[in-house]
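J.: Any chance you could fold what I've pasted below:
(2 chains, ligands or ions: 2)
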Amino acid sequence: MNTMNMLDKTLDTNTTKITARDVNVYYGDTHAIKDVNVEIAANTVTAFIGPSGCGKSTFLRCINRMNDTIDVCRVTGDILLDGEDIYDKRVDPVQLRAKVGMVFQKPNPFPKSIYDNVAYGPRIHGLSKNKSEMDEIVEKSLRRAAIWEEVKDRLDAPGTGLSGGQQQRLCIARAIATEPEVLLMDEPCSALDPIATAQVEELIDELRANYSVVIVTHSMQQAARVSQKTAFFHLGNLVEFGATGQIFTNPEDPRTESYITGRIG
Amino acid sequence: MPTFWLVVVLLALTALGFWFGRRRALASVQGNPRHLHSLPIYYGANVAMSIAIPALLILVIWLLAQPLLIENRVSATIPQELIPENTSIGLVMSDVRRLAEGLDQAVDQNVMTTAETLALDASTTDVRELLGTVGVALGSEVRPEVLAAAQSYRQLSSTGSTAMAVVCLVLALVGFGLSARHTNKEFRARNVVERGVLALLILAASLAILTTVGIVLSMLFETVNFFGLHAWTDFFFGSTWAPNFRGDSELSMLPLLWGTLYISAIALLVAVPVGLFAAIYLSEYAGPAVRSLAKPLLEILAGIPTIVYGLFALLTVGPLLLNLFGQGENGILGLSWMTGATSVLTAGVVMGIMLIPFVSSLSDDIINAVPQSLRDGSLGLGATRSETIRQVVLPAALPGIVGAILLAASRAIGETMIVVMGAGAIAKFSANPFESMTTITTRVVSQLTGDTDFASPETLVAFALGLSLFVLTLGLNVLALYIVRKYREQYD
Ligand SMILES: Nc1ncnc2c1ncn2[C@@H]1O[C@H](COP(=O)(O)OP(=O)(O)OP(=O)(O)O)[C@@H](O)[C@H]1O
Ligand SMILES: [Mg+2]
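T.: Ligands and ions are numbered 1, 2, ... in the order given. As a prediction, this is how the structure comes out:
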């Protein structure tokens, strides 16, 4: 890990995209997220790191209200997207999710063709006027997700027939095809080889020009490589949040330090 | 020895063998089970299996085969002129069997000794009256030939039973001896027991298949008889169903098939949308409170006997439809399409109601089996719930749902009671859903009830109809399998 390189990374912008205030999440009696306050900037890649089960996925799912689909899950506190409370009664979660896309921890391609998987979102939101435009969207998305070369000859084959890593990239392509403003990625490279990982990281960096990206990862190197901001979660608490260079070189909290250096996790 | 005691003795031997095998295995290693190839119970199970399985198998086969063999031999001794006109040897043989049973009972109840029964003479004793005293009523006077046949029947049965007991016991003992000799620490009892379990499972599977084959064969046999008496062209291609007992019946399956398919189609038109939508509501929208109430209620609906649905058709739905589409209570809509309460529509609607819980609870299970992650994926892309259901959940569940619908169709085709009470009994081709019609199943019942003569085409046609029904439902099931498989290939 090149420390100097990391420190050099500048934060291009300071506009806040997402603000979380005193967010608590309960699964029945389990208190999964405890008083989390965080500000996620626009045009930034934010990494969530922390030991398994600390609530990274849970918090990520709060940002596009995917937790609504879990019966026992209860969210309190405010989450603002562009200054608007997304848990307000007037907010339609369906529209919210079109703006805040998500790549899930487990690849979940639909039992449809590869083409239809990618075209799913654009079709629902009417993003293309005709077939050739749709073809373009599908190709562009697959290319950006670094899977086009592997599947271009079998777009009609079922997406479920791909390998685990290919499925993961297909799901990334599916998520970026709808052009969300915020992209939430839950361990998007967990099943990828180094080459595909590098390509996805390139994509993430590219996406930063237009979107905010939040990425959950278990790889410290990856967090250091792709993100400008890092949040460290531990047992449901947001222990530390700050510039990535700062967190990795000079953490304030002893828990952060021991996690990064591999002593807890 | 009565069969019951034979089985008890065999089971006791088995238990003894288990205990003995276990002990012997342990003894061969001086009580230290670590030196055995298998756990001690496997040695016990091996001995028990060697005792029980061959003996019980032979027992079952013997019990099935003996009556057939004896029957054959005895019926060959009955002179031809003893068979009354228009009946078969079967009737005489049933007299013989009854007489033989009666004599056995007389011995059991100590009315006579075995020697006395053997010395009976039909011309001097009134056998019918004698057996009346032990509670066996005979249909007619006993003729000497019948008595003789019954005596030889008893003779053969008792010899057969003794032989069976001896053979089974010998087999059991041989099994005991052989397996006990094998039992030592090197013997791989675990593997042998494993193979025994496999054989047991295969036996169970083949029994199920053999029963089906047996049913089909028995139907096929009578159907062939039917086609010997009646032209098959009329059955398959005729246009009229008009059985009568003067001998010039027209027995065509087609009007009945038409009625069956018409009523089933209406039933599916009712059941599939309602059942499917109910399932979608229950599995995708309803909260846990509603679900915990509605699911058991639907299941109760599925448990209502069809005769109750038949009453519902007869007393409620029929008159209601008559009020709507006919002149019942002077016709609410002022139409006169319907003239009687029994109609295709009545039966179809009620049958559809019967099938709703069937379709919905099967579909509900299938929809619930679609992984949540697929729904999350779709919702996460900004799809609404109904879009998610239409484009992701239902396609993923489709093979299962098609299977459920075809199962419902099989049930509709095989349904009898609702049709009897709701659709009437007139066989005809008509596209008018307000007319009475009838189906294959109800005609099978009506051809076989009452005074039946198993040599006339009017009765035997029931078997041909039953077989056709079987082929129809079989075809549906094969189709269901095919569809399910096709989708599997596409998406797995
Ligand atoms: N659907 C659920 N029902 C009940 N409890 C849940 C549910 N999902 C998560 N939890 C609990 O919430 C806590 C946080 O889980 P979460 O999935 O957010 O962890 P994570 O940080 O993403 O872990 P990992 O790195 O292993 O993915 C865990 O203790 C987990 O048991
Ligand atoms: Mg997680």
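
J.: Whichever residue of chain A sits closest to ligand 2: neighbour count?
T.: Relative to ligand 2, the nearest point of chain A is A:Ser57 (3.0 Å; Cβ to the ion). In short, each C-beta sits where N, CA and C put it, glycine included. The local packing of A:Ser57 (other Cβ atoms under 10 Å in any protein chain shown) involves 20 other residues.

J.: Could you list the low-pLDDT ranges of the chain?
T.: As the question left the chain open, I've gone with chain A. Residues of chain A meeting the criterion pLDDT under 70: A:1-14, A:263-265.

J.: Chain B, not that one
T.: In chain B (pLDDT under 70), the answer is B:1, B:84-88, B:139, B:451-452, B:487-492.

J.: and the residue in it positioned nearest to chain A, what is it in contact with?
T.: Closest contact between chain B and chain A, by Cβ to the nearest Cβ, is at B:Gly382 (3.0 Å). By Cβ atoms under 8 Å, 6 or more residues apart in numbering or on different chains, the contact list for B:Gly382 reads A:94-99, A:101, A:121, A:124-125, A:178.

J.: Strands - which of these land there?
T.: A:Gly101 (DSSP state E).

J.: Tabulate the contacts of B:Gly382 (JSON lines), appending neighbour count.
T.: Listed next are the contacts of B:Gly382 as JSON lines, based on neighbours: other Cβ atoms under 10 Å in any protein chain shown:
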{"residue": "A:Val94", "neighbour count": "17"}
{"residue": "A:Gln95", "neighbour count": "12"}
{"residue": "A:Leu96", "neighbour count": "19"}
{"residue": "A:Arg97", "neighbour count": "25"}
{"residue": "A:Ala98", "neighbour count": "22"}
{"residue": "A:Lys99", "neighbour count": "16"}
{"residue": "A:Gly101", "neighbour count": "26"}
{"residue": "A:Gly121", "neighbour count": "26"}
{"residue": "A:Ile124", "neighbour count": "19"}
{"residue": "A:His125", "neighbour count": "16"}
{"residue": "A:Thr178", "neighbour count": "25"}
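
J.: How about the residues of chain B by chain A?
T.: With Cβ under 8 Å from any Cβ of the partner chain as the criterion, chain B meets chain A at residues B:287-288, B:371-384, B:387, B:391-392, B:395-396, B:490-492.

J.: Among the residues you listed, the buried ones, what's the PyMOL command?
T.: A single PyMOL command is used to select the members of those judged buried by 16 or more other Cβ atoms under 10 Å in any protein chain shown:
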select buried, chain B and resi 374+375+376+377+378+379+380+381+382+383+384+387+391+392+395+396+491
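
J.: Of the residues of chain B next to chain A, which belong to helices?
T.: Those of the residues of chain B next to chain A mapping onto helices are B:288, B:372-380, B:387, B:395-396, B:490-491, per DSSP state H.

J.: and whatever residue of the stretch 101-250 of chain B ends up closest to ligand 1, how many neighbours?
T.: Proximity of the stretch 101-250 of chain B to ligand 1 (Cβ to the nearest ligand atom) peaks at B:Leu201, 38.7 Å away. Burial of B:Leu201 is recorded as 10 neighbouring residues (other Cβ under 10 Å).

J.: do B:Phe18 as well
T.: Residues near B:Phe18, counting by other Cβ under 10 Å: 20.

J.: counting contacts, what elements does the helix or strand encompassing it pack onto?
T.: Using DSSP states H and E, B:Phe18 falls within helix B:3-28. Of the remaining helices and strands, those touching helix B:3-28 by 3 or more Cβ pairs under 8 Å, 6 or more residues apart in numbering or on different chains; DSSP states H and E are helix B:40-77, helix B:144-182.

J.: Nearest to B:Phe245, out of these?
T.: Ranking the helices and strands packed on helix B:3-28 by their distance to B:Phe245 (criterion: Cβ to Cβ) puts helix B:40-77 first, at 29.3 Å.

J.: May I see the buried residues of that closest one?
T.: Neighbour-count burial for helix B:40-77, counted by 16+ other Cβ under 10 Å, picks out B:40-53, B:55-56, B:58-59, B:62, B:66, B:70-71, B:74.

J.: So which elements touch it?
T.: helix B:3-28, helix B:89-108, helix B:144-182, helix B:189-229.

J.: Sort out which residues of the first one are buried, please.
T.: Judged by neighbour count (16+ other Cβ under 10 Å), helix B:3-28 contains these buried residues: B:6, B:9-10, B:13-14, B:17-18, B:20-22, B:24-26, B:28.

J.: tell me the angle of that helix relative to helix B:144-182?
T.: Helix B:3-28 runs at 10 degrees relative to helix B:144-182, counting by axes from the mean of the first three to the mean of the last three Cα atoms, to 10 degrees.

J.: go on, the shortest one?
T.: Here helix B:89-108 runs at an angle of 70 degrees relative to helix B:144-182 (the same axes, to 10 degrees).
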